[in-house]
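**Student:** I would like the atomic coordinates for the input below:
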Amino acid sequence: MLTLASPVHAADDPAAKEAPQGAAVTVLKASKFCFPNLVEAFGILIPREETMVRSDRPGLKVAEIMAEAGDTVTAGQNLARLTPPEGGSVMVQAPVAGLVLNSTATIGAVASPRGEALFTLIARSEFDLVGMVPTQDLPKLAVNQTARIRVVGAGEVEGKVRRVASTVEPNSQLGQVFVGVTTNRKLFVNGSGRAIIKTGQSCGVSVPLTAVLYGSAGTVVQVVRRAKIETKRVEVGLMSGGQVEIREGLAEGDIVVARAGALLREGDSVRPVTEAAAQPQ
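**Tutor:** So this is what the prediction gives:
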């Protein structure tokens, strides 16, 4: 006599009971990430050091001009030829290498050691960005901190903090920072720029920006525990590269919904899928 086996219903299947139910959601682990602490400064470019070039004796006339404003010159390079009353020639040379900022030399004009400079050089072609920063950011700044500077017309160049002001302007409550610019590109006096100064870094738990919800209830991240949604209030900090620092509310290794959304609510059953598994093959 044959005995027929009773059909097994899903509700009676232990494996089915343990299988996650609900919508599939892409998840990832909250992980450690180091965020740079940055201070932003807007300002203008000024010469770091100007060198005035004059005749070393009176009564000489300009006979020939060998350099113009905008020229880059080397130390010892001839800038102009002068003639004394007794005849012959006297050469005016650049005392340092640099960029000719301006020139007043004109053929036939009389040069003087006490008069207006024949040439003004930007020594070594070195510029500073003089930027303004809020008072609360001044204590974060220190000499030799590195900076990325975007200069209008010259692109992005490197720099370092050279000096930080000890006072602030009373009306604006902004203080000055001098950032030395390092580049072979041609720069212009009074050109504008923006410096992003790295003052340190903060390492802690982070999640992608897409995992964070901002709403009237505060800032939250949706966590998956035992295949159910838990909504966690968090305190966010720095942001960089699509990641956001979570200062409070999450622990490293927590499973969070990669793209949090209003359709998922507290207690919803979900089927978590890791980001790698969710990618099409």
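
**Student:** so where's the stretch 51-200 of the chain shaky on pLDDT?
**Tutor:** For the stretch 51-200 of the chain, no stretch has pLDDT under 70.

**Student:** Do a quick rundown of the strands in it.
**Tutor:** Here the stretch 51-200 of the chain has its strands, by DSSP state E, counting those that start in this stretch, at 60-65, 72-73, 78-83, 90-93, 98-103, 110-111, 119-123, 127-134, 146-151, 155-168, 174-182, 192-208.

**Student:** For residue 54, find the nearest of the ones you listed.
**Tutor:** Residue 54 lies closest to strand 110-111 among those, at 6.9 Å (C-beta to C-beta). Every residue, glycine included, has its C-beta placed from N, CA and C.

**Student:** which ones are touching the residue nearest the centre of the chain?
**Tutor:** Centroid-nearest residue in the chain, with C-alpha atoms, centre = their mean: residue 196, separated by 3.1 Å. Shown in contact with residue 196 (C-beta atoms under 8 Å, 6 or more residues apart in numbering): 38, 39, 40, 147, 148, 149, 150.

**Student:** Mind doing that once more with 7 Å?
**Tutor:** For residue 196, the contacting residues are 38, 40, 147, 148, by C-beta atoms under 7 Å, 6 or more residues apart in numbering.

**Student:** same thing with residue 229?
**Tutor:** 222, 264, 265, 266, 267, 268, 270.

**Student:** and the gap between it and residue 235?
**Tutor:** From residue 229 over to residue 235 the distance is 20 Å, taken as C-beta to C-beta, to the nearest Å.

**Student:** With residue 216 instead?
**Tutor:** Using C-beta to C-beta, residue 216 is found at 17 Å from residue 235.

**Student:** what's residue 40 sitting at in phi/psi?
**Tutor:** Phi and psi for residue 40, reported as degrees, to the nearest 10, are phi -100, psi 140.

**Student:** Quick check: beta-bridge partners of it?
**Tutor:** Judged by DSSP bridges, the bridge partners of residue 40 are residue 196.

**Student:** quick one: it and residue 206, what's the gap?
**Tutor:** Counting by C-beta to C-beta, the separation of residue 40 from residue 206 is 21 Å.
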